[in-house]
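Visitor: no FASTA, just this:
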């Protein structure tokens, strides 16, 4: 057990546990807060896996923006304080079965497929901003541009969606 | 072993700075604002100019009863001040004071600082929601909307200076700094400073805590030590913002005799910016919510996009 | 010159298209197009026709030809004296009809389509006349059938107009199959669809007497249908609900004339096929007599004229059957002139009186002086009164049958005798029904004399646009006999045996005697109908068609429909019901719950992944 | 560290996300489940990036792309959610069944 392995196991436990809480908690805002914990733990795992830049982007975008947006939406939709009994649909059992099926399929695949393969992190190239930037703007410039168009479309879509009813707001 | 000691030492120094410097800023705010507004305030604690008033306030906060509203979400309510405060502590670790004088010199320090500062707002949101108070909730919504609006120009302004320096390392940026950047990056500096003020919900961007409308916004239900922690977080935020502005745009430790007293230059510039923060609070009236949004989307974002273009042109011209 | 021929074909088609395009855009434009195109067509027809009358060499030209396998289908034109005279006839009548229609169709809401169809009709006839390729001829031939359908049903709000149109369409179309098959047979036999090529080959000989009976008989069938000969004669009288100018066009210059023209054009083929000639002779003999009897007893003015057309066409076929080509063609021309005159005059009468029934007329001589004058000339020509054109041409036809009866070789002698007898009796009957109609319409007591003063309908002479064509047609009707005297000027030099003075004398006496009898009967009836009109029993041909053809076809159609509904549809219905039922089941899954859908999707994806893993 | 550790963690996070998407009634919570799934994908990408020692950092780059897409998705998704809230007064996924095939389809007359 190296330090990295111990840290990974700890962070993994935190991530999985808080993720479970995200989907099971009866208080909506707690779900968002547990999501923060999950995302933070995953960011930590990214750090362990030599993906420093991705880790901080994860913090910046997810925790700084996405979760704030989620909280914003919860507040705007008048999420009540305190637990709510009817937060889940009455199909928990089938949902558990389906999720279990997914886990079984994916888990068996990865465990069977990569059993005994070691992930050697010593001397791994840390994903610094420089290397990431170089690859994005050289090798992956086309997907990057496509992505920019996608973002523009999303921006326009979001504006249209939020303005659309504004004009009909009189009703 | 020596490494460990050094790390511990650095952390201890940062922690100490974290505990002391925001208090200094708070003291400056109290006194400078009082004098600017010609309302002298308490002048007795400690004797000269009432210098120990802050300490007395601290003692008073500690003595107060720890009240949690009955309808509140207790856990979240209690955790909120810590979540609001901690990111600034973490951010301070990466800010260099002088050459080598830094808690931890990170390769992507700028990114780290910006990312961590964004987390702080979650604490405010937690407080606003968990208080089970409609003023708090409205304040929280305003905080979220404000953060959404100002995060973009904030990050883009930082990106501009990073682009100019060609690195994300804060130390590297200071080293690449050149006095003429004061002109070249002036719009970015302005945007960074203004957007930072807005993220800290400092006046004139303090509509979320507008006491005339929302009592005290997300902090309405807080009292005693927890309220003190929020106040501390605000001052810590001012310190981090000021230090970042100084490091990114004002050249950090650059100045006469920088080899000997560089750290002093950084602190002086930080102090200057912090004083401006206080000064702005006194000088400008609060912006309305719609003015706030308009300033962000119609003022700062176009301006910083223009700055990015100028920076890119400058970088290309200079590198060729 | 050949481009003028193309132009003379194209002008009516263009005019038809323009008429439809302009539509109800403007009365003036509409009428201008119709009449202007008619005038232009007539002028061009004159340019084409006059140089080719007499002994001129025929004009032949191929514009384009298909290159596919088999004999080429060519856009070929051929203008000889026969084409030239018919071109003139068709365009003259068409132009006069257009002018006449200005008055007759005034205020008709469907005038644009009417004018367009008249133009189209003319164009189709032009195409038939100048075509040198059998397929091109067929196009014009069928186009005429379609136009006649539309024009007969011009007043489609009347049930009898619709029925007449459908009847005309179905009967002529059935007969047209004969032309189609004849074209195929000729094309196979001669490896060409060029009429001039085929006819030259036949004229060169080398074919036995019985070699060509099949195409000839097939053509006879087509012609019998088109020209309304027995037993396909029933459509023509039923076509009378159409506007009267259309009757003039159909009866004089285009539709029915096309049948005679086709026989004249392919005459070498008939000459080498005695079977077809015998058949033609028999049909002609029966038809002329039968139609004359009908004409004698009907009380409808237009029907009298319609039956007379059938009868007169039979004269032409009779002449052609006994080898008197020039007599048949000249009678066609003469008939075209006086029948157009008669129909247009009848139109003027109908226009004035408002009815086609002769009992509603009478004493119109004073009220319609111009119509009276011109229509008298027309009736005289029809009856064969001495100086008028009908006398000469009919005399030529009867003389030809007489010659054939005495020493003919083309048809069986007894058939020639029958034809001759028929022709003479028909001539007498023609005098009778012409005189009867003339007397009933123009003389005697005016219709409505027994009515009160105020109720007598106002009867006024037709407008100039209708009168002028009448006089223009009366001219050739009166003087056309000159052509029979000098046929070389029109048909080119050759041996003609058209004048039979002794027969003409006999016939004139017969005409006079008949006229005396009819006038006496008319006097005795008190200036009304000389004999009681009756609906003669049809020789049951329609009934035969009904039992033999219509009912079986209807029964077959009903059977097919039932089969379609109960057998074929059963599969379709079953498939539909199955899909519907399946849809009902599948709809249960479409409950609108997105998460339910997603669950299925995820399970499906997992299943696919497992399958892929197992297979791989 | 065995490679399957992060991969298994990724699978676990994904399954949890699937469960959240399937079982939650509030649309915002459903979106949180989606975020979990996207994060699982990112974890996978980064793990394989580290395993392959990819000099192009394809895995990390695409993890970044996925994060961007997630941001766009959450922006649009929340815009839709707010729109639904404005028109329906609540954002319960269970009650949004306007697309259900409820009525009898019109059968063509024969």
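Guide: Received, thanks. Values in this document were obtained by computation on a predicted structure and should not be read as measured data.

Visitor: By mean pLDDT, flag the weakest helix or strand of chain D.
Guide: helix D:58-88 (a mean of 85; mean pLDDT, DSSP states H and E).

Visitor: Show the contacting residues for the residue of the stretch 1-150 of chain B at minimum distance from chain D.
Guide: When scored by CB to the nearest CB, the stretch 1-150 of chain B has residue B:148 as its residue closest to chain D, at 9.6 Å. C-betas here are computed from N, CA, C, even on glycine. Applying CB atoms under 8 Å, 6 or more residues apart in numbering or on different chains to residue B:148 gives the contacts A:65, A:68-69, A:72.

Visitor: which element is the residue nearest the centre of chain D on?
Guide: The centre of chain D sits closest to residue D:34, judged by CA atoms, centre = their mean, with a distance of 2.5 Å. Element membership for residue D:34, per DSSP states H and E: helix D:27-52.

Visitor: Give the other helices and strands that that helix contacts.
Guide: helix A:3-24, helix A:28-48, helix A:67-76, helix D:4-23, helix D:58-88 (3 or more CB pairs under 8 Å, 6 or more residues apart in numbering or on different chains; DSSP states H and E).

Visitor: Pipe those helices into TSV and attach mean neighbour count and distance to residue C:27 per row.
Guide: Compiled in TSV, the helices and strands packed on helix D:27-52 are given as follows (neighbours: other CB atoms under 10 Å in any protein chain shown; distance: least, CB to CB, whole Å):
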stretch	mean neighbour count	distance to residue C:27
helix A:3-24	18	82
helix A:28-48	24	79
helix A:67-76	24	71
helix D:4-23	25	74
helix D:58-88	20	60
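
Visitor: Throw those helices into CSV and include distance to residue B:268, thanks.
Guide: Below are the helices and strands packed on helix D:27-52 laid out as CSV (distance: least, CB to CB, whole Å):
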stretch, distance to residue B:268
helix A:3-24, 40
helix A:28-48, 35
helix A:67-76, 34
helix D:4-23, 47
helix D:58-88, 38
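
Visitor: between these, which gets nearest to chain B?
Guide: It's helix A:67-76; of the helices and strands packed on helix D:27-52, that one is closest to chain B (CB to the nearest CB) at 3.8 Å.

Visitor: Pull the residues that contact the following helix or strand past that closest one.
Guide: On the C-terminal side of helix A:67-76, the closest following helix or strand by DSSP H and E is helix A:92-113. For helix A:92-113, the external contacting residues (CB under 8 Å, 6+ apart) are A:89, C:599, C:602-603, C:606, C:609-610, C:613, D:4, D:7-8, D:10-12, D:14-16, D:18-19, D:22-23.

Visitor: how does it look with 6 Å?
Guide: C:599, C:602-603, C:606, C:609, D:4, D:7-8, D:11, D:15, D:18-19, D:22-23 (CB atoms under 6 Å, 6 or more residues apart in numbering or on different chains).

Visitor: What residue in chain C comes nearest to chain A?
Guide: For chain C, CB to the nearest CB, closest residue to chain A: residue C:606, 4.8 Å.

Visitor: That residue in helix, strand or coil?
Guide: helix (DSSP: H, G, I helix; E, B strand; the rest coil).

Visitor: Give me the pLDDT for it.
Guide: Residue C:606 is assigned 87 on the pLDDT scale.

Visitor: Is there a neighbour count for it? I'd like the number.
Guide: By the criterion of other CB atoms under 10 Å in any protein chain shown, residue C:606 has 17 neighbours.

Visitor: One more: the one 5 residues further on?
Guide: Other residues near residue C:611 come to 10 when the count uses other CB under 10 Å.

Visitor: what's next to the helix or strand hosting it, contact-wise?
Guide: Taking DSSP H and E as the criterion, residue C:611 maps to helix C:594-615. The contact list for helix C:594-615 (CB under 6 Å, 6+ apart) reads A:98, A:101, A:105, D:22.

Visitor: How about the contacts made by the last one?
Guide: By CB under 6 Å, 6+ apart, the residues touching residue D:22 are A:95, C:595, C:599.

Visitor: Pick out the lowest-pLDDT one from those residues.
Guide: Among those, residue C:595 has the lowest pLDDT, at 80.

Visitor: Tell me which residue is most central in chain C.
Guide: By CA atoms, centre = their mean, chain C has its centre lying nearest to residue C:255, at 2.4 Å.

Visitor: I'd assumed residue C:144 was in contact with that residue.
Guide: Yes. Using CB atoms under 6 Å, residue C:255 is in contact with residue C:144, at 5.5 Å.

Visitor: one step back: the helix holding residue C:611 versus helix D:4-23: what angle between them?
Guide: 140 degrees (axes from the mean of the first three to the mean of the last three CA atoms, to 10 degrees).

Visitor: returning to that earlier point: the least confident helix or strand of chain D close to chain B?
Guide: No. Judged by CB under 6 Å from any CB of the partner chain, helix D:58-88 makes no contact with chain B; its nearest approach is 9.6 Å.

Visitor: Give the other helices and strands that that helix contacts.
Guide: Here helix D:58-88 is seen to pack against helix A:52-57, helix A:67-76, helix A:141-167, helix D:27-52 when contacts are counted using 3 or more CB pairs under 6 Å, 6 or more residues apart in numbering or on different chains; DSSP states H and E.
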